[in-house]
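**Q** sharing a model prediction with you, sequence too.
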Amino acid sequence: ALMITDACINCDVCEPECPNGAISMGAEYYVIAPSRCTECVGHFDEPQCVAICPVECIPLNPEHVESREQLQAKYEGLEAEK
Ligand code: SF4
Ligand code: SF4
């Protein structure tokens, strides 16, 4: 999963781009729910939030490092919820 750092300027553009509904407003700036972030695996070739963020504040979450297989499995689990 990816994460948003405190460099976020709350510009709102990433939230609607997330195919998994993983991004929401947190206490001070936007946050990514690790359980819903597939790093866009299953939907797109690259993370859509990273592609659109104007301040490059969305790195990998070091507490949620996952393989492509794990991300694919998360994607399939999220799709099964629909
Ligand atoms: Fe959503 Fe993709 Fe960004 Fe993860 S990488 S928060 S799934 S847009
Ligand atoms: Fe924050 Fe970047 Fe999302 Fe804008 S696009 S709300 S700066 S994380």
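**A** Everything's here; your move. Ligands and ions are numbered 1, 2, ... in the order given.

**Q** C-alpha only now, for contacts and for neighbours.
**A** Fine.

**Q** ligand 1 contacts on the chain?
**A** Neighbours of ligand 1 within the chain, by C-alpha under 6 Å from any ligand atom: 2, 17-20, 22-23, 32, 37-40, 47-49.

**Q** count the neighbours of Ser67 for me.
**A** By the measure other C-alpha atoms under 10 Å, the count of residues near Ser67 is 10.

**Q** what does the pLDDT read for it?
**A** Ser67 is assigned 98 on the pLDDT scale.

**Q** could you find the closest non-adjacent residue to Tyr30?
**A** Ser24 (5.6 Å; C-alpha to C-alpha, 6 or more residues apart in numbering).

**Q** typo on my end, Ile58
**A** The shortest distance from Ile58 to any non-neighbouring residue, by C-alpha to C-alpha, 6+ apart, is to Ile4 (4.6 Å).

**Q** so how far is Val13 from the residue nearest to the spatial centre of the chain?
**A** Centroid check for the chain by C-alpha atoms, centre = their mean gives Cys37 as the closest residue, at 4.3 Å. Applying C-alpha to C-alpha, to the nearest Å, the value for Cys37 to Val13 is 16 Å.

**Q** all the helices of the chain, in order from the start?
**A** In the chain, the segments counted as helices under DSSP state H are 48-52, 68-81.

**Q** mind listing what's buried along the shortest one?
**A** For helix 48-52, the neighbour count (16 or more other C-alpha atoms under 10 Å) marks Gln48, Cys49, Val50 as buried.
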